[in-house]
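Student: Here you go, sequence then predicted model.
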Amino acid sequence: MDQEGGRINRLKPAYGFPPSCSHQVLGTLNDLAFTHQCAETTAQTLQSARINLNLAPVVDLNVNADNPIIGYYERSFSAGPDIVTARISTPTIPPPYRSPPSPASCAISSAGTAW
């Protein structure tokens, strides 16, 4: 499941699931307790739907403003590593960590086209 929050979610309010904040919103708010509350809500929602793997949170740093995959979809908590790393774990469903290279700093998409 890819239930990152905000625009990247499969369990939408239109289907009866609770709304969620994007990672960018959570990083901008910079309220760790609220971020953990949102993560726990997501974890409980996934558990209630019998889903035990979530491909989130995204641990990319939003370092390339011209890259639409991370910034446009608000998939990163921040360009700052301290803000990102403080928000990457949930107690209920452990997150997967993407290994580099990630699309965050790429100038060309995996399809070979420039952003």
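Tutor: Happy to help now that I have it.
Student: For Ala65, what are phi and psi?
Tutor: Here the main-chain torsion angles of Ala65 (degrees, to the nearest 10) amount to phi -60, psi -20.
Student: Contacts only, for it.
Tutor: Gly71 (C-beta atoms under 8 Å, 6 or more residues apart in numbering). No exception for glycine: its C-beta is placed from N, CA and C like everyone else's.
Student: Got the confidence number for it?
Tutor: Looking at Ala65, its pLDDT is 72.
Student: now it: how far from Leu26?
Tutor: 19 Å (C-beta to C-beta, to the nearest Å).
Student: Counting neighbours, what do you get for Ala27?
Tutor: Quick fix: residue 27 is Gly, not Ala. 22 (other C-beta atoms under 10 Å).
Student: what does Ile51 give?
Tutor: 15.
Student: With the one 4 residues further on instead?
Tutor: Using other C-beta under 10 Å, Leu55 has 13 other residues around it.
Student: Give me the spatial nearest neighbour of it, chain neighbours excluded.
Tutor: The shortest distance from Leu55 to any non-neighbouring residue, by C-beta to C-beta, 6 or more residues apart in numbering, is to Asp2 (4.5 Å).
Student: Confirm for me that the one you found is in contact with Leu11.
Tutor: No: in this structure, Asp2 is not within contact of Leu11 by C-beta atoms under 8 Å, at 10.0 Å.
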